[in-house]
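*Asks:* mind looking at a prediction? Sequence and model below.
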Amino acid sequence: MIIRRVVIPLVAAYALFVFMALSSMRAPQVERADVERVAGWKEALRGLAVTVAGGYLCFLLIVLVFHVLIAGQRGALVSAAAGGGFLAFGVATPVFLLSLWRSSRR
């Protein structure tokens, strides 16, 4: 029972993480100066929106799989949606916007 409910999802998540890490190592590396020169505010804001929204959806997917489907905690998704939404859009996004603004002034 514990193998099906804990070990298999954990190994699958770890395998996905390893695959992503190895894939990123194979990707061509871009010099930091090139990224700063090309990226403007429009591209930076688009990247921030995609990152925050993608992270939020990934978080909700993790809660759905582990808390709702495996553990059977039906109210966990609603709680995670509210709390995670606050952290993603009310805390992380303003912090990253401030960071982008501060780095652009240097």
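*Replies:* Happy to help now that I have it.
*Asks:* what does Ala27 show for phi and psi?
*Replies:* Torsion angles at Ala27 (phi, psi; degrees, to the nearest 10) stand at phi -70, psi 150.
*Asks:* nearest residue to Val6 in space, please, no chain neighbours.
*Replies:* In space, and not counting its chain neighbours, Val6 is closest to Ile70: 7.9 Å by CB to CB, 6 or more residues apart in numbering. All C-beta atoms are positioned from the backbone trio N, CA, C, and that covers glycine.
*Asks:* ok, now how distant is that neighbour from Gly84?
*Replies:* Distance of Ile70 to Gly84, given as CB to CB, to the nearest Å: 18 Å.
*Asks:* who has more neighbours out of the two?
*Replies:* It is Gly84, of Ile70 and Gly84, that has more neighbours when counted by other CB atoms under 10 Å, with 18 against 14.
*Asks:* which residues of this protein fall in helices?
*Replies:* For the chain, the helices defined by DSSP state H occupy 2, 8-26, 32-38, 41-63, 76-85, 93-104.
*Asks:* of those, which shows the lowest average pLDDT?
*Replies:* Comparing mean pLDDT across the helices of the chain, the weakest is helix 32-38, with a mean of 52.
*Asks:* could I have the CA atoms of stretch 95-104 written out in CSV?
*Replies:* Output of stretch 95-104 as CSV, limited to C-alpha atoms (Å, rounded to 0.1, in the frame of the first residue of the first chain):
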residue,chain,number,x,y,z
VAL,A,95,8.9,41.1,-4.9
PHE,A,96,10.0,40.1,-8.3
LEU,A,97,8.6,43.3,-9.9
LEU,A,98,10.6,45.3,-7.3
SER,A,99,13.7,43.3,-8.1
LEU,A,100,13.3,43.9,-11.9
TRP,A,101,12.8,47.6,-11.3
ARG,A,102,15.8,47.8,-9.0
SER,A,103,18.1,45.9,-11.4
SER,A,104,17.0,48.1,-14.3
